[in-house]
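Novice: structure of the sequence below:
(one chain, ligands or ions: 2)
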Amino acid sequence: MQKRVTDEEIKERLGKIKSRIAVMSGKGGVGKSTVTALLAVHYARQGKKVGILDADFLGPSIPILFGLRNARIAVSAEGLEPVLTQKYGIKVMSMQFLLPKENTPVIWRGPLIAGMIREFLGRVAWGELDHLLIDLPPGTGDAPLTVMQDAKPTGVVVVSTPQELTAVIVEKAINMAEETNTSVLGLVENMSYFVCPNCGHKSYIFGEGKGESLAKKYNIGFFTSIPIEEELIKLADSGRIEEYEKDWFESAPF
Ligand SMILES: Nc1ncnc2c1ncn2[C@@H]1O[C@H](COP(=O)(O)OP(=O)(O)OP(=O)(O)O)[C@@H](O)[C@H]1O
Ligand SMILES: [Zn+2]
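Specialist: Ligands and ions are numbered 1, 2, ... in the order given. Got it, this is the predicted structure:
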C-alpha cells in the first residue's frame, strides 16, 4: 500500500498553481461542468497554462465535454499524469480515467471521496499552472465543502439557472467561500435566455435581470449570463467543447 498523501505534499503541488477556481452550484444539472469547461477554454485561448480537476466524482462530465471518456491516466516519476485535451492541451484529471469501464458507476461514500480528492491534489503531476479549475460536486453541503477545504481555492464561481437562482443560493455560496477563507469571484446565470433563430429576439423565458441584481446586492465583482444554445449542446454532447467560439468570460477580472 502506498502511504497516504500528506498536507505537505498537497501544499507543494498546489504551490505551483497560481490560481485555483472552484466552480459550484446549488443544484445538479444547471451547467456547472459546462461553465468549468468554458472558463478553461477562455484561459487557454489567452495562452495560459490550464488544468481542470473534475471533483464531481458521482457524475464526472468533464471527460465527456472534451471527448476524453475513454482516456486512462498513466503514472510517471512525477505522479499521476493528467490527460491532455486535443485542441488546447488543457490538463484534465477525473475519476472517470481510473474506472475500469466507461459506464462503471461510482458508488462511494463521503470519506472515500474525501480521500480520493486528497490523492488527486497530492499526486497529480500538474506541473506549473496559471489556472486550475475545480468542478465541485453539486450542492452547497458537505461534499463540495470538503473538496474546497482540501483544494484551498483562491476563489469561487457560482453557476445557476434563473429558476434556481435565489438569494439563499448566493448566501450559501458566500458562506461556503468564507469557511475556506476565500470569496465569490463571479456569478454565472446559465440558460438565461433564448435567441430566436428566425428573428434574433432575446427571450428571457424565466424572467430578466434577477442574476445581475443579486450579484450587485451581494457585491460579487463579475456577472455573466449564458443563453440556452443549440450549438453549445451539440459541441458538448459530441466532446468538442473546445470548438465553441463564443467567450462569455471576456470581461472577467479574475
Ligand atoms: N447554456 C446552455 N445551453 C444549452 N445546453 C446547456 C447549457 N448549459 C448546459 N447545457 C446542457 O445541460 C446539461 C447539464 O449541463 P452540465 O453537465 O454542465 O451541468 P452540471 O451542473 O455540471 O450537472 P451535474 O450536476 O450533472 O454535474 C448538459 O447536457 C449540457 O450540455
Ligand atoms: Zn422570433
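Novice: going forward, measure contacts between C-alpha atoms and count neighbours the same way
Specialist: Noted.
Novice: ok, and the closest non-adjacent residue to the residue in the stretch 151-254 of the chain that ligand 1 sits nearest to?
Specialist: Closest approach between the stretch 151-254 of the chain and ligand 1, counting by C-alpha to the nearest ligand atom: residue 228, at 3.4 Å. Spatial nearest neighbour of residue 228, chain neighbours left out: residue 191 (4.4 Å); criterion: C-alpha to C-alpha, 6 or more residues apart in numbering.
Novice: so which bits of the chain are right by ligand 2?
Specialist: By the criterion of C-alpha under 5 Å from the ion, the positions of the chain lying close to ligand 2 are 196, 199.
Novice: any idea which residue is closest to the centre of the chain?
Specialist: By C-alpha atoms, centre = their mean, the chain has its centre lying nearest to residue 135, at 2.9 Å.
Novice: who is the closest residue to residue 252 other than its chain neighbours paired with across the strands?
Specialist: Distance criterion C-alpha to C-alpha, 6+ apart; nearest residue to residue 252, sequence neighbours excluded, is residue 222 at 6.2 Å. With beta bridges defined as DSSP bridges, residue 222 has these partners: residue 186.
Novice: so what's residue 222 up against?
Specialist: Contact analysis of residue 222 by C-alpha atoms under 8 Å, 6 or more residues apart in numbering lists 185-187, 215, 252-253.
Novice: repeat the analysis, applying 10 Å as the threshold.
Specialist: With contact taken as C-alpha atoms under 10 Å, 6 or more residues apart in numbering, residue 222 is in contact with 157, 184-188, 212, 215-216, 249, 251-254.
Novice: how about the strands of the stretch 1-150 of the chain, start to end?
Specialist: Using DSSP state E, counting those that start in this stretch, the strands of the stretch 1-150 of the chain run over residues 17-25, 50-54, 74-76, 79-81, 83-84, 91-94, 129-135.
Novice: I'd like those laid out as TSV, including distance to residue 117.
Specialist: Putting the strands of the stretch 1-150 of the chain into TSV (distance: least, C-alpha to C-alpha, whole Å) gives the following:
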stretch	distance to residue 117
strand 17-25	13
strand 50-54	9
strand 74-76	17
strand 79-81	13
strand 83-84	17
strand 91-94	10
strand 129-135	11
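Novice: want to try CSV for these, with distance to ligand 1 and mean pLDDT as columns?
Specialist: Compiled in CSV, those are given as follows (distance: least, C-alpha to the nearest ligand atom, whole Å; pLDDT from 0 to 100):
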stretch, distance to ligand 1, mean pLDDT
strand 17-25, 7, 97
strand 50-54, 10, 97
strand 74-76, 25, 90
strand 79-81, 23, 94
strand 83-84, 19, 97
strand 91-94, 13, 96
strand 129-135, 8, 98
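Novice: hmm, back to that, hmm, residue 192 and the residue of the stretch 151-254 of the chain closest to ligand 1 touching each other?
Specialist: Yes - between residue 228 and residue 192 a contact is recorded at 6.7 Å, counting by C-alpha atoms under 10 Å.
Novice: more neighbours: these two, which one.
Specialist: When residue 228 and residue 192 are compared for neighbours, residue 192 comes out ahead with 25 against 14, by other C-alpha atoms under 10 Å.
Novice: which residues does the closest residue to that one other than its chain neighbours contact?
Specialist: With sequence-adjacent residues excluded and distances taken as C-alpha to C-alpha, 6+ apart, residue 192 is closest to residue 227, at 5.0 Å. Taking C-alpha under 10 Å, 6+ apart, we find residue 227 in contact with 189-195, 202-204, 248.
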